[in-house]
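*Asks:* Mind folding the following:
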Amino acid sequence: MNILLLLILIPLLGACFTIWARDDKHYSVENIRNVSVWVMLTELGAILYASSLLNVEKTGIQLVEKYHWLDFPEVDVLLGADTFAMLLLLGINISFLISNMFLVQTDRPKTLLSSELIFICLLNGYILAADIISFYIFFAAAGIPLIILVSAYGGLRKKNALVRFSIYNLVGALLLLTAIMIIYSYKSNNIPLNMAGNVNLKDYTEYLVWLSIFFAFISRMPIWPFHYWISSINATQRNPLVFFIGTLIPLIGLYGFMRFWPNTVPQTIAVYAPVFEVISVITMLVIALTGLSHKDFRYKLFAYATIYYLLYLIGVFLPTGSLKMNIGYSLFTSIIIITVLSFLISHIEEEKRKQNLYHNNGILCYMPRTSVCLSLFILAGIGLPVTPLFWNNFIIISEILNYNLILGIFVMASIFIVAITLLEELYKMKDKSAAAKVCSIEMDLSKSEFMISVGCLIILFLSFIKPLWFVF
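*Replies:* Numbering: from 1, shown residues only. This next block holds a predicted model:
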């Protein structure tokens, strides 16, 4: 059974069914939402089945599928998966299922959900790609659905955000294409990703290839000087699903580094890693301070997501090669937390708009279910010691402190600031002395939305007890 190929095709077929779903004023959103929910349930079933085929005690790629694509030039496509890839796929696809279950009403549902499913298809393909050509194709294409979504759902400043993101997306794709073509010309075939570092390149060519790969992945990361595109998209994005997709774009850059660094990059390039680590930690500190001073809760959530992506990126660049699974467990948890928080924030903003409120102060006093969920997920997000985020972030930060004390102190300061930022906003929304003059049970989460949130907390708790609970 070609299970890895199926993981890519299921959301693509779902996008086709979504486009063809019944379209009328009364049933459009419900029909399209139901299609997307069933697609994601099918996808999760396939991921769980593929995960059951893995031996968690082994490292490296275990599931491999090979497909012949072209005769001239001869190109064979490789798909591969290890435990880390399956953990990442599970977290991402659970989060999209949660998003679709939360989604009740939206404008242009076909555009939203078909673009979402195409994005899932491309992201799954990117994670499963095991050769340099298919890896490049999925890397270059993954940003296209976000461009469509920002065009449809962006705010007043969407034009500038689209121009920046499109430029960075194109430049990153061209840089990676340059590197891939040079490697291909040396080997005359489509080589596996883990063999890219073994290609014997000349001095100047080696620098060109690896610096091109480096800046291609950096173009997807929220790091100076490329950080502004993601803040201009996410900080002003009011649609929670589009916001969540935007927060996953940096994951493309992070995963690219994890596939190429530090095992395959030549030592002549690796010596510059400390400079990049310093730039990363300075970016963390600046974004954390900006989030603290910003009034918009969604920007604070963006700052939180950015800080943790950069934390894991620094972990990737450490000389030790033992943090991969710790980063995987933390990513699994943080992706689910960001998903639920983005929808809870959207719910609060929508109720604030309906009630003509100008601030969030005290709004949770009349929303008991929302208050409980938001409190627990913020506590989990900043390190509540009953989720995998606590132990695994502790291990990652410990390794950073052991590697460089000053670097570790700045990392801890950034995480502390972003934690204070979320707790401060939570305190304002629960402060009865500043409560809004509104009291309506209709403001609160519905029972189904509350149960979805509780289900996510159970998943996080199970992951704390047994990180790979999904492996049979």
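
*Asks:* The one helix or strand Gly45 maps to - contacts with which helices or strands?
*Replies:* If you go by DSSP states H and E, Gly45 is part of helix 28-52. Under the contact criterion of 3 or more CB pairs under 8 Å, 6 or more residues apart in numbering; DSSP states H and E, helix 28-52 touches helix 3-20, helix 83-102, helix 109-128. Backbone N, C-alpha and C define where each C-beta goes, glycine included.

*Asks:* From the contact counts, what lies against whichever helix or strand comes after it?
*Replies:* The helix or strand immediately downstream of helix 28-52 is strand 63-70, counting by DSSP H and E. Applying 3+ CB pairs under 8 Å, 6+ apart, one finds that strand 63-70 contacts helix 3-20, strand 75-81.

*Asks:* now what about the shortest one, what contacts it?
*Replies:* Here strand 75-81 makes contact (CB atoms under 8 Å, 6 or more residues apart in numbering) with 4-5, 8, 50, 54, 61-69, 89, 128-131, 133-134, 189-190, 192.

*Asks:* Count the neighbours of Glu57 for me.
*Replies:* 6 (other CB atoms under 10 Å).

*Asks:* returning to that earlier point: and the helix holding Gly45 with helix 109-128, angle?
*Replies:* 10 degrees (axes from the mean of the first three to the mean of the last three CA atoms, to 10 degrees).

*Asks:* average pLDDT across the helix or strand in which Leu211 is found?
*Replies:* Assigned by DSSP H and E, Leu211 falls within helix 203-218. The average pLDDT for helix 203-218 rounds to 85.

*Asks:* Summarise which helices and strands it is packed against.
*Replies:* Secondary-structure packing of helix 203-218 (3+ CB pairs under 8 Å, 6+ apart): helix 158-187, helix 240-260, helix 267-270.

*Asks:* redo that, cut-off 6 Å
*Replies:* helix 158-187, helix 240-260 (3 or more CB pairs under 6 Å, 6 or more residues apart in numbering; DSSP states H and E).

*Asks:* Out of those helices, indicate the one that is most buried.
*Replies:* Mean neighbour counts were compared across those using mean count of other CB atoms under 10 Å; the top stretch is helix 240-260, at a mean of 23.

*Asks:* which residues touch it?
*Replies:* For helix 240-260, contacts defined as CB atoms under 6 Å, 6 or more residues apart in numbering pick out 99, 119, 142, 146, 149, 153, 193, 217, 220-222, 233-234, 237, 305, 309, 313, 316, 338-339, 342-343, 346.

*Asks:* Now do the nearest residue to Met325 once chain neighbours are set aside against Leu90, distance only.
*Replies:* The shortest distance from Met325 to any residue other than its chain neighbours is 6.2 Å, reached at Phe84 (CB to CB, 6 or more residues apart in numbering). To Leu90, Phe84 is 11 Å away according to CB to CB, to the nearest Å.

*Asks:* Same drill for these two, tell me which one is more crowded.
*Replies:* Ranked by neighbour count (other CB under 10 Å), Phe84 and Leu90 place Leu90 first, with 24 against 21.

*Asks:* pLDDT score for the more buried one?
*Replies:* The score at Leu90 is 93. That number is its pLDDT.
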